[in-house]
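Undergrad: sequence? don't have it. structure:
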């Protein structure tokens, strides 16, 4: 099983991380400038869930992009990341501490048209889709994690690359080390 990632996958993870940082900064600007985007319902719990979700996305992207290992990100996604995201989005959908009429307010005037069309109803639909995607993703990542572990366990023991073609090729490296490099019967 190959755990390393293609360059394009690593770039994708890095892009997710960078967009996550920009997203956090965008929403922090809303909060600092009191634009009205966050309503009075946006309390400490909602803040933790909202920013925690954004940070979870950034961590997953960083694990993909920075380290280039699929399995590291799967550990995070399977053991909390995806489920936390689904719970956070569900709670935020129930409370809905946002007013998307103010969503574009932190942008310069010439860029506001990019997000002014975004309404509360569109946000709610996207949140429901996000909940479904994260729940399905949790199951998918769990299955993938389980099957990859089983496949790795079934893999043949690694052979030493220096002794291919010798009588030691049927021994694992750990068996060779235990024998001091000697094959039984020599």
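TA: That came through fine. Just so it is clear, the structure is predicted and the values come from calculations on it, not from any experiment. Residues are numbered from 1 along each chain as shown.

Undergrad: going forward, measure contacts between C-alpha atoms and count neighbours the same way
TA: Fine.

Undergrad: walk me through the domains of this protein.
TA: Taking automatic domain parsing as the domain assignment, the ranges for the chain are 7-155, 158-186.

Undergrad: can you list the residue ranges for helices in the chain?
TA: Under the criterion DSSP state H, the chain contains helices at 7-32, 44-67, 70-76, 82-95, 120-154, 173-178.

Undergrad: out of those helices, flag the one nearest residue 106.
TA: Residue 106 sits nearest to helix 7-32 of all the helices of the chain, at 6.4 Å, using CA to CA.

Undergrad: and that closest one, what does it pack onto?
TA: The elements that helix 7-32 packs onto, with contact taken as 3 or more CA pairs under 8 Å, 6 or more residues apart in numbering; DSSP states H and E, are helix 44-67.

Undergrad: pLDDT averaged over the helix it packs on - what is it?
TA: Mean pLDDT, taken over the full extent of helix 44-67, equals 88.

Undergrad: what's the offset of that helix from the middle of its chain?
TA: Once both centres are worked out by CA atoms, centre = their mean, to the nearest Å, helix 44-67 turns out to sit 8 Å from its chain's centre.

Undergrad: give the buried residues for that helix.
TA: Judged by neighbour count using 16 or more other CA atoms under 10 Å, the buried positions of helix 44-67 are 46, 49-65.

Undergrad: perfect, I'm done here.
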